[in-house]
Every structure is written in structure tokens, then in C-alpha cells.
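1. requesting a structural model of the entry that follows:
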Amino acid sequence: MLAAFLEEGGSGDYSSIRHIITAGEALRGSLQARCLTDFPQVRLWNLVGSTEAAMIVLYWHCPPGHGAVTPTTGHE
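-> Got it, this is the predicted structure:
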């Protein structure tokens, strides 16, 4: 969904977006980098959880300086 949003976002005014939360699939480092470049005002969060339990149990704040490095699995 994040990739689709970045591709189709158009030229709208997204200055009010403060947080973007991703979950459900692996967040590629290149996608993280693009999001933080396109939206420097946001805090990007990658949520990770057990697929079997269908719940989020870990989180990771994707810092702007992290570049295209694939995000870690997070913290409890």
C-alpha cells in the first residue's frame, strides 16, 4: 500500500501527514528511503507481528538517516 500511495500520490497537499504506519509485509529499504525523502515531515513506523496470530507485537521507527537500509524487525 505504501508503494501504491507513493506512486499515485500525485501533487496533493500532504503537509498535514505526521505519521505513516506500515504493517503486513516487509518494508524494503528503498521504499523507506523514498517515503522519507518524499515526506520529510513524517515519522515512518514499521510494525511487525506474528502472521499466525494476526497481531502486531514489534515496532521500529524508521529514522531519516537510515537511508535505503532494510529496517530491522523492531522492539517489543
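2. wait, is W60 part of a strand?
-> Yes - under the criterion used here (DSSP: H, G, I helix; E, B strand; the rest coil), W60 sits inside a strand.
3. how many neighbours does it have?
-> The criterion is other C-beta atoms under 10 Å. On that basis, W60 has 19 neighbouring residues. For the C-beta atoms, the positions are set from N, CA and C on the backbone; glycine is no exception.
4. the chain should start at 55 in everything you say after this.
-> Let's use 55 as the start, then, which means that last one is W114.
5. I figured it hits V123, correct?
-> No - using C-beta atoms under 8 Å as the test, W114 is too far from V123 to be in contact (11.5 Å).
6. residue ranges of the helices in this protein, please?
-> Applying DSSP state H to the chain gives helices spanning 56-62, 83-92.
7. pick out the shakiest of those, pLDDT-wise.
-> When mean pLDDT is averaged over each of these, helix 56-62 scores lowest at a mean of 89.
8. buried set for that one?
-> When neighbours are counted by 16 or more other C-beta atoms under 10 Å, the buried residues of helix 56-62 are found to be L56.
9. quick one: list the elements packing against it.
-> If contacts are counted by 3 or more C-beta pairs under 8 Å, 6 or more residues apart in numbering; DSSP states H and E, helix 56-62 sits against helix 83-92.
10. other SSEs contacting the helix it packs on?
-> Contacting helix 83-92 under the criterion 3+ C-beta pairs under 8 Å, 6+ apart are the following elements: helix 56-62, strand 97-102, strand 112-116.
11. out of the ones you listed, which comes closest to R82?
-> Proximity to R82, assessed across these by C-beta to C-beta, is greatest for helix 56-62 (8.4 Å).
12. in a markdown table, list the helices and strands packed on helix 83-92 along with distance to L85.
-> Below are these laid out as a markdown table (distance: least, C-beta to C-beta, whole Å):
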| stretch | distance to L85 |
| --- | --- |
| helix 56-62 | 6 |
| strand 97-102 | 10 |
| strand 112-116 | 10 |
